[in-house]
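Student: Okay, predicted coordinates and the sequence, questions at the end:
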Amino acid sequence: MTDVITIKQGASLALTLTFRAPDGTPFDISACTVTSQLRDTNGALVATLPITQPGALGVATISLSSTASIAVGLYSSDIKIVTPAGITVFSDTFTLRVARSVTA
């Protein structure tokens, strides 16, 4: 996963995630609960990121129709997966950098 993702304030956000088992094969997340939150540098919750599973094995999408309500700055996020057996795993933490747009 990329460490820093940069997006302009007000733009749509769409990230495609691919989950793989340790052996590199796609990991079936269809029965799992997959969640993600965006937090500011003080740890305050900024947004709960909606995650959808389009049907492809091991694939999910994070999408926001607009980032206009998110202030310019740096934010942290990760992905939490809870399996039907109750096992919880987290992705690496990544940074979302929201930059000011130049063109109005």
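Tutor: That came through, no problem.
Student: Which strands and helices lie in contact with the strand ranked longest in the chain?
Tutor: Counting by DSSP state E, the longest strand found in the chain is strand 73-82. Counting contacts by 3 or more C-beta pairs under 8 Å, 6 or more residues apart in numbering; DSSP states H and E, strand 73-82 is packed against strand 33-39, strand 88-90, strand 94-99. Yep, even glycine has a C-beta here, placed from its N, CA and C like the rest.
Student: For residue 27, report the pLDDT, please.
Tutor: Note on residue 27: pLDDT of 89.
Student: Same question for residue 57.
Tutor: 89.
Student: check contacts around it.
Tutor: 26, 28, 30 (C-beta atoms under 8 Å, 6 or more residues apart in numbering).
Student: Now mean neighbour count, mean pLDDT and distance to residue 3 too, for the helices and strands packed on strand 73-82, in CSV please.
Tutor: As requested, the helices and strands packed on strand 73-82 are exported to CSV (neighbours: other C-beta atoms under 10 Å; pLDDT from 0 to 100; distance: least, C-beta to C-beta, whole Å):
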stretch, mean neighbour count, mean pLDDT, distance to residue 3
strand 33-39, 17, 95, 15
strand 88-90, 11, 93, 15
strand 94-99, 17, 96, 6
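Student: can you list the ones you listed in CSV and add distance to residue 21?
Tutor: Shown next, in CSV, are these (distance: least, C-beta to C-beta, whole Å):
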stretch, distance to residue 21
strand 33-39, 15
strand 88-90, 11
strand 94-99, 20
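Student: and of the ones you listed, who's closest to residue 9?
Tutor: With C-beta to C-beta, the closest approach to residue 9 among those belongs to strand 94-99: 5.2 Å.
Student: how far does that closest one sit from the chain's center?
Tutor: 11 Å (C-alpha atoms, centre = their mean, to the nearest Å).
Student: Which neighbours in the sheet does it have, and how are they oriented?
Tutor: According to DSSP bridges, strand 94-99 forms sheet pairs with strand 4-8 (parallel), strand 73-82 (antiparallel).
Student: Looking at those, which one is packed in the most?
Tutor: strand 73-82 (a mean of 16; mean count of other C-beta atoms under 10 Å).
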